[in-house]
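J.: let me see the structure of the following:
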Amino acid sequence: MSFPRFHQIALALAAAAAVTLAACGGNDDTAPASGVMPSAPDATMHFNRLSTFTICTQLGSSCESATPVNAEIVAASSDGMTLIYTSGLSGQIGFVDITNPEAPVGLGSMAMGGEPTSVAVVGAYALVAVNTSPSFLAPAGKLVVVNIATRTVVTELDLGGQPDSVAVSKDGRYAAIAMENERDESVNGGAIPQLPAGSLAIIDLVGAPTAWTRRNVSLAGIAALYGSDPEPEYVAINDDNIAVVTLQENNHLVLVNLATGAVSGQFSAGSVTLEGVDLTDERPNLIQFNQTQTNRLREPDGVTWVSKTRFATANEGDLSGGSRGFTIFNSDGTVAYDAGMDLEYRLARIGHTNDRRNDAKGNEAENVAFGRFGSTDYLFVASERSSVVAVYDMSQPTAPVYKQALPGALSPEGLVTIPSRGLIISASELDDRSLPARAAINIYGYQKAAANYPTLQSADRSDGKPIPWAAMSGLVAATGGSTVYAVDDSFFRANRIFTIDVGVTPAVIRNELRITDANDVLRSFGATLPAAADNQAFDQVDVNAMINSDKTVNLDPEGISLASAGGFWIASEGAGSKTAYETGRNITSANLLLRVSATGVIQEVIALPDAVNALQARYGFEGVAESGGKLVVAMQRAWLGETQPRIAVFDLTARTWQFHFYPLDPAVSPNSGWVGLSEITALGNNRFLVVERDNQAGPDARVKRLYRIDLTGAADGATLRKTLVRDLMPDLRASKGPVLEKIEGLAVLASGDVMFVTDNDGVNDNSGETQLVRLGKILN
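T.: Below is the predicted model of the structure:
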């Protein structure tokens with residue numbers, strides 16, 4: 001390469017140094033000696049989501065295609081204006097223009113001739129690691145060098161194995177590639193060793209890309225666990241061109257001098273003992289932080305340097321490990337800090353505990369990145385199973401302080417920081433239109449503003465641990481003040497009523513109250529039911545299964561209302577359908593109205609008439625409101641032989657039912673689906689607000705609406721008329737994230753303020769994001 005050309009790349013690299021610290025070293029702990037001031041906290045600054053780029057828009061502007069296409073690893077161009085991401089599902093890399101980070105623009109994608117596993121940037125080029133293995137026993141791969149501006153392939157280098165992570169040194173002299181040569185998980189239950197062994201590839205970036213050369217560093221025989229079969233997962237490079245490599249399955253860390261190719265350090269990642277952890281996956285679920293897990297191997301995945309002498313690991317776990325957090329190591333192998341249960345508790349507080357994963361690895365910290373924004377150093381931790389990026393202030397390098405959590409699309413993995421533009425980017429890899437969930441690039445900006453997420457969080461229990469919550473369902477306001485009550489749905493057992501203070505931002509869950517059958521009212525109700533000859537009717541056996549040994553109950557609370565007699569009314573949705581409606585979903589519970597006391601004890605149970613129960617479909621009670629001596633219930637969808645859902649009215653004095661029909665809007669999503677009711681709230685004088693929505697999310701969502709109905713003079717069996725109060729799609733889009741599917745709770749405060757809350761499905765096949773949206777006085 002001629003000197004002028006080298007000089008151009010050197011200038012580009014200098015600009016790139018300000019782009020990302022995710023793969024390279026951060027500032028040295030002796031920063032003042034190098035002219036860099038020590039990190040200092042700044043309570044006035046926070047990261048907030050600016051936009052979400054849905055990857056499927058590269059296939060069609062409205063994501064009409066269900067073809068899987070994801071974003072796993074993301075890198076930024078030297079000027080921080082273009083993002084490059086890998087899509088292993090489609091065998092492509094994609095490009096996104098973020099000149100305006102609030103309005104990213106897709107620039108298209110290009111095939112890589114294999115599965116791209118990682119990408120990094122040096123100067124004008126994107127270095128793409130591509131897996132071309134014909135089999136696990138014959139691993140193969142290449143490094144594809146792409147000109148970012150022209151989006152053309154410059155050259156390809158054979159890697160001699162299957163690559164995973166790629167990193168570029170800050171000075172642009174080296175690229176390091178973790179050559180995983182991954183195991184076949186279908187062989188011996190995925191146990192290792194399974195040769196061939198992995199290694200580290202060093203690419204000397206000298207001259208033109210066509211002149212770059214590869215060196216390989218053997219990592220075999222180093223780790224105490226399965227030393228013959230190292231499986232390097234991730235690599236990061238510090239300012240001294242020392243690479244740290246995680247050997248996840250081997251629970252080991254290796255330091256390599258890139259100039260010499262010599263292993264300069266190696267040590268076990270060690271283990272931790274987790275106290276106050278939930279290690280069970282119960283169905284229905286129940287979060288209890290009361291167990292201990294001893295000697296849990298960290299098994300780190302992502303890694304980033306936070307100084308020349310310290311690095312952080314995301315301890316995701318694989319074979320039998322995973323410590324549910326992150327660790328900061330000194331380069332001599334000693335532990336400077338371990339997060340323990342801190343991250344797990346932080347996520348429980350904001351409704352992101354994925355209880356279905358508690359018997360495995362919890363939130364699964366997948367990756368880490370580091371960057372200095374303003375005068376403050378930050379560590380970013382991507383949680384794969386809880387779908388957030390946690391932010392920690394690193395002003396005290398060995399005592400990180402939690403700052404906030406950033407919501408995003410499902411399963412974030414790739415992270416890149418762009419401090420020069422005040423941006424942090426995450427790539428969410430899961431793409432499955434049927435869930436519905438679409439992969440996305442999540443873009444966050446550093447702002448002099450309060451954090452706008454979470455909108456709802458919990459206080460502590462008496463033991464000092466947060467009240468864990470998720471799957472928010474019905475909502476109702478207290479008669480005065482700034483208190484609302486909510487319920488969780490059937491995702492959880494031992495259902496609860498939550499007391500929420502909405503007078504603060506974010507709103508705070510102050511108390512949880514278990515619903516119980518302490519007086520055997522529900523059990524006695526079950527005793528009146530005839531035994532079912534088949535599984536097509538709700539019977540005594542089904543009722544008994546709803547009551548736990550401690551008298552707590554497993555319902556499906558979808559609605560809550562204040563009861564004029566004191567306490568609450570709970571609308572519990574039935575489970576299962578008549579065979580004529582839908583096969584394979586036996587009826588295991590009925591749609592019930594339950595009056596519970598202020599202490600949560602069931603006082604009364606009301607069922608639908610037998611003739612209506614005979615039409616049961618699994619889309620039943622979705623909300624309840626007591627008003628004018630009557631209980632008014634919204635049923636989600638039409639039942640057997642009907643074309644419209646019912647608005648059911650129970651007269652509390654006459655003890656009789658009356659039914660009206662509700663005219664739903666048509667389903668207009670390009671992903672088809674259905675439209676139904678999900679909540680009802682009383683306005684007085686026989687008027688009610690109802691939430692009407694489709695079962696779609698993200699780019700497929702179309703119907704999220706608030707209507708008013710008036711039951712005055714409505715005859716039994718009549719079809720009601722409705723008046724549009726508000727289209728809620730703009731309110732959902734205001735979060736700058738994917739449009740959430742389920743608006744499940746609605747409340748009108750005594751002040752006239754209206755708010756709704758979304759249901760995150762217990763973070764099961766869901767990003768976990770919950771939005772409590774304040775609409776203001778929209779009814780005036």
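
J.: contacts only, for the closest residue to residue 729 other than its chain neighbours.
T.: Closest residue in space to residue 729, ignoring its immediate chain neighbours: residue 704 at 5.2 Å, by Cβ to Cβ, 6 or more residues apart in numbering. In this view, the C-beta of every residue, glycine as well, is placed from N, C-alpha and C. By Cβ atoms under 8 Å, 6 or more residues apart in numbering, residue 704 lies in contact with 691, 693-694, 727-729, 732, 739, 743.

J.: and for residue 742?
T.: 678, 693, 758-761 are the contacts of residue 742 under Cβ under 8 Å, 6+ apart.

J.: next one: it from residue 622, what distance?
T.: 11 Å (Cβ to Cβ, to the nearest Å).

J.: now the common contact residues for the two.
T.: With Cβ under 8 Å, 6+ apart, residue 742 and residue 622 have common neighbours residue 678.

J.: distance of the residue nearest to residue 358 when sequence neighbours are not counted relative to residue 359?
T.: Closest residue to residue 358 apart from its sequence neighbours, by Cβ to Cβ, 6+ apart: residue 278 at 4.4 Å. From residue 278 over to residue 359 the distance is 9 Å, taken as Cβ to Cβ.

J.: the two - which one has more neighbours?
T.: The neighbour count for residue 278 versus residue 359, taken as other Cβ atoms under 10 Å, is higher for residue 278 (25 against 12).

J.: I figured the more buried one was touching residue 292, is that so?
T.: No - if you go by Cβ atoms under 8 Å, residue 278 and residue 292 don't touch, sitting 11.1 Å apart.

J.: before we move on, the earlier item: redo the contacts of residue 704 as CSV? Include neighbour count.
T.: Formatted as CSV, the contacts of residue 704 follow (neighbours: other Cβ atoms under 10 Å):
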residue, neighbour count
691, 24
693, 27
694, 24
727, 12
728, 21
729, 15
732, 22
739, 20
743, 23
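
J.: report the two of those separated the most.
T.: Maximum pairwise distance in the contacts of residue 704, criterion Cβ to Cβ, is 14.5 Å, between 691 and 739.

J.: can you point out the buried residues in the strand or helix carrying residue 329?
T.: Residue 329 belongs to strand 326-330 when assigned by DSSP states H and E. For strand 326-330, the neighbour count (16 or more other Cβ atoms under 10 Å) marks 326-329 as buried.

J.: just give me how far it sits from the chain centre.
T.: 24 Å (Cα atoms, centre = their mean, to the nearest Å).

J.: kindly report the same for stretch 146-156.
T.: 33 Å.

J.: then stretch 260-272?
T.: Relative to the chain's own centre, stretch 260-272 is displaced by 32 Å; criterion: Cα atoms, centre = their mean.

J.: ok, the residue nearest to residue 729 to residue 238 distance?
T.: Residue 704 is 48 Å from residue 238, by Cβ to Cβ.

J.: in stretch 733-750, what counts as buried?
T.: Residues 735-749 are the ones in stretch 733-750 that count as buried (16+ other Cβ under 10 Å).

J.: in strands, which of those residues fall?
T.: Cross-referencing those against strands under DSSP state E gives 743-748.

J.: which two from the residues you listed end up farthest apart in space?
T.: Within these, 744 and 748 form the most distant pair, 15.7 Å apart (Cβ to Cβ).

J.: closest to residue 212 out of the ones in strands among the buried residues of stretch 733-750?
T.: residue 743 (53.3 Å).

J.: mind checking how far that closest one is from residue 681?
T.: In terms of Cβ to Cβ, residue 743 sits 12 Å off from residue 681.

J.: got it, and residue 357?
T.: For residue 357 relative to residue 681 (Cβ to Cβ), the value is 34 Å.

J.: which one of those two is surrounded by more residues?
T.: A direct count of neighbours by other Cβ under 10 Å for residue 357 and residue 681 places residue 681 higher, at 27 against 20.

J.: please tell me how far that one sits from residue 560.
T.: Taken as Cβ to Cβ, the span from residue 681 to residue 560 is 10 Å.

J.: common neighbours of these two, please.
T.: In contact with both residue 681 and residue 560: residue 476, using Cβ under 8 Å, 6+ apart.

J.: hang on, the earlier thing: farthest pair in the buried residues of stretch 733-750?
T.: 738 and 749 (27.9 Å).

J.: what's the neighbour count on residue 777?
T.: 11.

J.: if I look at it, how far off is residue 708?
T.: Taking Cβ to Cβ, one finds residue 777 at 15 Å from residue 708.

J.: for the stretch 401-550 of the chain, what spans make up the helices?
T.: Per DSSP state H, counting those that start in this stretch, the stretch 401-550 of the chain carries helices over the ranges 521-527, 540-545.

J.: ranking the ones you listed by mean pLDDT, which is last?
T.: Among the helices of the stretch 401-550 of the chain, helix 540-545 carries the lowest mean pLDDT, at a mean of 89.

J.: give me the residues contacting the very next helix or strand once past that helix.
T.: Scanning forward in sequence from helix 540-545 by DSSP H and E, the next helix or strand is strand 557-562. For strand 557-562, contacts defined as Cβ under 8 Å, 6+ apart pick out 473-476, 478-479, 485-490, 495, 497, 515, 568-573, 621-626, 631, 633-634, 678-680, 682, 744.

J.: now do the end-to-end distance for stretch 159-170.
T.: Using Cα to Cα, to the nearest Å, one end of stretch 159-170 lies 22 Å from the other.

J.: that stretch: which residues count as buried?
T.: Those would be 159-170, for stretch 159-170 by 16+ other Cβ under 10 Å.

J.: sort out which residues of stretch 127-144 are buried, please.
T.: 127-133, 136, 139-144.

J.: could you dump it to CSV, C-alpha only?
T.: What follows is stretch 127-144 as a C-alpha-only set of coordinates in CSV (Å, rounded to 0.1, in the frame of the first residue of the first chain):
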residue,chain,number,x,y,z
LEU,A,127,-15.0,-7.7,8.0
VAL,A,128,-17.6,-10.4,7.9
ALA,A,129,-17.0,-13.8,9.5
VAL,A,130,-18.9,-16.5,7.5
ASN,A,131,-19.5,-20.1,8.4
THR,A,132,-19.4,-22.4,5.3
SER,A,133,-19.1,-25.7,7.1
PRO,A,134,-20.5,-28.7,5.2
SER,A,135,-20.7,-30.5,8.6
PHE,A,136,-19.7,-30.3,12.2
LEU,A,137,-16.8,-32.6,11.5
ALA,A,138,-15.5,-30.5,8.6
PRO,A,139,-15.7,-26.9,9.9
ALA,A,140,-15.0,-24.3,7.3
GLY,A,141,-15.3,-20.5,7.0
LYS,A,142,-14.1,-17.4,5.4
LEU,A,143,-13.6,-13.7,6.1
VAL,A,144,-15.4,-11.6,3.6
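
J.: for the record, mean pLDDT for it?
T.: 98.

J.: now do it: distance to the chain's middle.
T.: 30 Å.

J.: and which of the buried residues of stretch 127-144 is nearest residue 723?
T.: residue 128 (54.6 Å).

J.: that closest one - that's part of a strand, no?
T.: Yes - under DSSP: H, G, I helix; E, B strand; the rest coil, residue 128 falls within a strand.

J.: for it, list each beta-bridge partner.
T.: Per DSSP bridges, the residues bridged to residue 128 are residue 119, residue 144.

J.: done for today, thanks.
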